[in-house]
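# Based on what follows, work out the 3D shape:
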Amino acid sequence: MSQSLRIRSLLAMGASMTVLAAVATAAPAFAQTAPQAGGNVLEELVVTAQKKEEALQDVPIAVSAFSQDSLEAQKIDGGPNLQQAIPNVTFAKGNFTNTFNFAIRGIGNKAVGVSTDGGVGVHENNAPLQSGNLFDAEFFDVERVEVLRGPQGTLYGRNATGGVVNIITAKPTDEFEANIRAEVGNFGTQKVRGMINLPIFGDKLAIRAAGAYLKRDGFVTNTFNNHKVDDRDLYSTRVSVMFNPVDSLRTNFMWEHFNEDDSRARVGKQLCTKDNGPATVGGVPTGAARAFLTQGCLPASLYGNSAYGTVNTSGTLTGELGNIFGFTSGDTNAGDTASRSLREIETLFDPIYQSKSDIYQFNLAYDLSDKLTFTAMTSYSKGNVYTKLDYNRNVSTVPFNNTPLTPGGVFADPQVGTTNKFTTLDVSSGDSKQFSQEFRLQSAFDGPLNFNIGGIYFDYKTTTDYYVIGNSLTLSALALNFQRTGNPNCNPVTLPTNCIGIDPNATPDGSGHNYYDNRSPYHLKSNALFGELYWQANEKLKFTLGLRRTHDDKRLDVFDTVLLSPGIGLKQSTTTPTAKSVFDELTGRFGFDYKLTDDNLLYAFYSKGYKGGGSNPPAATGSASVKAQFDPEFVNAYEIGSKNTLAGGSVMLNATGFYYDYKGYQISKIVNRTSVNENIDATVYGLELESVWSPIHNLKLNANIGYLHTKIADGVSSIDTMNRTQSNPAYTLVKAGPGLPNAAVGSNCVLTTAGVATLIAAGAGATVPFACGGAAVFQGFLATPAATGGAGLPAGTAAFLANATGLYNYGAGYSIEGTTANLSGNDLPNSPHWTTSVGAQYTWDFSGGWSATLRGDYYRQSKQFTRVYNTAYDGLKSWENANITLKVEKPEWGLQFDAYVKNLMDDTPITDAYTTDDSSGLFTNLITLEPRTYGVSIQKSF
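Sure, this is the predicted structure:
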């Protein structure tokens, strides 16, 4: 860390201490103020942030909690909406199935891959979930939702460096209760939600059942067929059984089921500033070689007019192959542009999204004595998901050429179907199983020392398949079969070394080599011992020491890339059949909390957090910039805070300051058609303010403010796949051609501009004059006949071939992968400097027991970056959101009417973006908010 940064950080922390101390020491004066006549005292919420029931204001942790009522009032329907009510929290849907980035203080999960872990742990009833439906499902029949900010490993989470989201479901009680709620809204929205609680035998045995159903039309228009897509058709059910045979033994069983079958889109709009390729290189006209000098899309702002172009398909693997084999000629998107509406796409077919999951939990608490409690938590879950999308969100304007394999320009692909259009789709599927067992022993002694200790075993298995399927790929396989065997429909069983297998099934099963299949069977075993020791030094001062020892064992079965290679079926790697990553780490926290008064708490803690590393795919580790294993993340976190209840209970004012020294922050990019992860160091610091004020009876105001500063460490650099040359005219980007190692085909690399100009001038531009992979590969590629995938330079260029190695290394000292970008001082991704939310609600009481409550909420998130490179292409503008709700109820009748408007201004901000890989043309997938929705509901309680 530089000296200037240290000074600024110390000043920031010092200022934080001053502010927090001022808040805390000023509190007693306010606390002496009597409640107003109307009794405007804020409701106290009980949480289990420290694995025991405590009032929220007594917990020395930065935690935000929401009851079912507050979730409904603020229209926090599910996980994505939490960001609008918590400082320094952001949420973005991931590019792949069942992935998301819930980030707290800039720490979430920007890594991609089956062996990665989330920086924020997602729990249900205190049990960790490696794969969950935080993005898919809506909250229903919950007791509360807790969000803890900062590392929580000594009591929470498997690897919770950023924090924890803990969903506490409603438990059975010893009183009968039931309710049913029906809602209708725009976009054809239909929601039904209900619960029933049945006491069977007093307070000994009770059953609670709850469910929720959602069906609505799509938010997005597919302009190709005028269908509404990204709709919802899903339901969730939950059954809980409480059995307490004696007062000292309490048990609870829960089963939760989720099912979805609709056209949910994994990603939204697709943007691209088209790259036509250079007209000249080094003063030499590129001619036909221009098609092999484009990367598809250029790095330009997502808000400019040019961003609504389409991918130059010559810069994609499928387009490159189509051009080489003659099925297409140049850019099949020529002259086409995308709609300016972020809620319009153009695809040949509508998305498919199917998901199921089940969670089973059994929790037991046994009082060994009135001072000692043993707790056991058993959890098992399973799930599967299948999604299908048009890979390119536009329909090609140029049909196939008329060839023997595409008569009349039409081709019947077994997976894509029959069409005359260049079409690519992707299928993402997977299944998972998880088991966890946790034991804890907690004391409640009268003396100064107490403890909470335990251990957890965690076992997670999953197999994911990510397919990229294109009719151009199948055509290329048929063409290669004809070249090698004389029969495009040859039998790969009888000719396994020459014939490429074609999967005949509409739904890919992994047998074909006519598509890309990234299969990742993954097994994680983790165990940990953890605990906290509490010393109550006096009635005001308490010290806490927490330790955790974690052992992670990750195993990833590795399959070779078999796209367009002879044979059938996936083949497990013979060089690295299983990639293994083992980590064993000690983490913990130490600090104190001090009660200035019963209503004012001051605390300070140091915590060390850890998140496991993992394995990068071997197909990508041939790249010099990619390590076989990415490292774990570590954070040294320093936090001070103050929690205050003021003005006789009518004001809650909480403030937190924090400073993180982050080592090994994991980020992702795509190399050779597969996601890989690398590590960078960074510092993070900021402030958070949460407040609620009830100035008069029936009026409540709230305001949350988060300030966040992130900085990547000095000396950190990385190759930006969007700008491999870093705009240096001495280098030129080229696209790898056939005849190279399979994984590299369609990828981009950098050669010297002088070398590329020499090649083009030699007359090789009409074929494929470029290769990535080193001088030896390059020379062999030039000498290989064009018919078998090389450049096939004319015989008269023997002298040129003899000097190919020297030409390739022209200008020694550069990296063929590209020029690294300096990341020093850049912001971490998804880390806006400011997050602000304010809300107000007022209740009118009428005669006859009726009341009406009007509430409004406003949220604003400042500008941020989507990637660590912090270029204009990465920048996202600030955005805002407003919601309004109205509730009319008569509790005596158990009757409640609601009306709401979400996203009042009907804004469509870009909340995150994902950059695809070289072989896809580097287009950008967008994530945005839901449009303005409104509706009414009625609820009857019994």
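
# what ranges do the helices span in this protein?
Assigned by DSSP state H, the chain shows helices spanning 3-31, 68-73, 317-325, 471-485, 618-621, 753-759, 775-783, 798-802, 804-808.

# Return the helix or strand in this protein with minimum mean pLDDT.
Across the helices and strands of the chain, the lowest-confidence element by mean pLDDT, DSSP states H and E is helix 3-31, at a mean of 40.

# pretty sure Asn450 is touching Lys542, no?
No - Asn450 is not in contact with Lys542 according to C-beta atoms under 8 Å; the separation is 9.4 Å. No exception for glycine: its C-beta is placed from N, CA and C like everyone else's.

# so what sits against both of the two?
Shared contacts of Asn450 and Lys542 (C-beta atoms under 8 Å, 6 or more residues apart in numbering): Tyr534, Gln536.

# Low-confidence stretches in the stretch 601-750 of the chain?
For the stretch 601-750 of the chain, the stretches flagged by pLDDT under 70 are 617-626, 670-674, 737-745.

# how about a cut-off of 80?
Scanning the stretch 601-750 of the chain for pLDDT under 80 picks out the ranges 616-628, 669-676, 736-746.

# my read: Gly326 touches Leu405, true?
No - using C-beta under 8 Å, Gly326 is not in contact with Leu405; the gap is 9.3 Å.

# tell me the contacts of the closest residue to Gln666 other than its chain neighbours?
Leaving aside its sequence neighbours, Gln666 sits nearest to Ala111 (C-beta to C-beta, 6 or more residues apart in numbering; 3.9 Å). Residues in contact with Ala111 (C-beta under 8 Å, 6+ apart) are Gly614, Phe630, Gln666, Ile667, Ser668, Asn677.

# Which pair of these spans the longest distance?
Gly614 and Ile667 (13.2 Å; C-beta to C-beta).

# list the residues that contact both of the two?
Counting by C-beta under 8 Å, 6+ apart, the residues touching both Gly614 and Ile667 are Ala111, Asn677.

# Tell me which of the two has more neighbours.
Gly614 (25 against 20; other C-beta atoms under 10 Å).

# So this structure: which segments form each domain?
47-169, 177-269+347-443+461-720+821-941, 732-741+763-820 (automatic domain parsing).

# Deepest-packed of those, please.
domain 47-169 (a mean of 23; mean count of other C-beta atoms under 10 Å).

# rewinding a little: wait, which of the domains of the chain is closest to Gly287?
domain 732-741+763-820 (5.1 Å).

# picking that back up, compare the mean pLDDT across the domains of the chain and name the weakest.
Ranked by mean pLDDT, those bottom out at domain 732-741+763-820, with a mean of 54.

# Return the residues in contact with the residue positioned nearest the centre of the chain.
Most central in the chain under C-alpha atoms, centre = their mean is Phe100, positioned 2.3 Å from the mean C-alpha point. Phe100 makes contact with Gly79, Pro80, Phe91, Ala92, Lys93, Gly94, Asn109, Leu134, Phe135, according to C-beta under 8 Å, 6+ apart.

# got the contact list for the closest residue to Asp584 other than its chain neighbours?
Distance criterion C-beta to C-beta, 6+ apart; nearest residue to Asp584, sequence neighbours excluded, is His551 at 5.0 Å. His551 makes contact with Ser526, Asn527, Ala528, Val582, Phe583, Asp584, according to C-beta under 8 Å, 6+ apart.

# mind redoing it with 10 Å?
Lys525, Ser526, Asn527, Ala528, Leu529, Val582, Phe583, Asp584, Glu585, Gly612 (C-beta atoms under 10 Å, 6 or more residues apart in numbering).

# Surely the last one touches Arg158?
The reference is to Gly612. Yes - using C-beta atoms under 10 Å as the test, Gly612 is close enough to Arg158 to be in contact (8.5 Å).

# which neighbours do these two share?
Going by C-beta under 10 Å, 6+ apart, residues that sit against Gly612 and also against Arg158 are Asp117, Leu524, Ser526, Thr550, Asp552.

# Give the burial count for the residue nearest to the second one when sequence neighbours are not counted, as a bare number.
The one in question is Leu524. Using C-beta to C-beta, 6+ apart and skipping the chain neighbours, the partner closest in space to Leu524 is Tyr460 (4.4 Å). For Tyr460, the count of nearby residues is 21 (other C-beta under 10 Å).

# Mind pulling up the pLDDT for Tyr460?
96.

# my guess is it contacts Gly383, does it?
No - here Tyr460 does not reach Gly383: they are 11.4 Å apart, not a contact under C-beta under 10 Å.

# Between those two, which contacts overlap?
Common neighbours of Tyr460 and Gly383 (C-beta under 10 Å, 6+ apart) are Leu129, Ser131, Ser432, Lys433, Gln434.

# Cross the residues you listed against strands and list the overlap.
Residues of these located in strands (DSSP state E): Ser432, Lys433, Gln434.

# how close does the last one sit to Ser727?
This means Gln434. Going from Gln434 to Ser727 by C-beta to C-beta, to the nearest Å gives 46 Å.

# Equivalent analysis for Trp834, please.
31 Å.

# contacting residues for Asn883?
Applying C-beta under 10 Å, 6+ apart, the residues near Asn883 are 73-76, 81, 84, 839, 855-859, 900-904, 933.

# and the nearest residue to Gly162 once chain neighbours are set aside, how far is that from Glu688?
Excluding its sequence neighbours, the residue lying closest to Gly162 (C-beta to C-beta, 6+ apart) is Ile107, at 3.4 Å. Using C-beta to C-beta, Ile107 is found at 14 Å from Glu688.

# Leu759 too?
For Leu759, the distance to Glu688 - C-beta to C-beta - is 57 Å.

# what does Asn394 give?
Going from Asn394 to Glu688 by C-beta to C-beta gives 43 Å.
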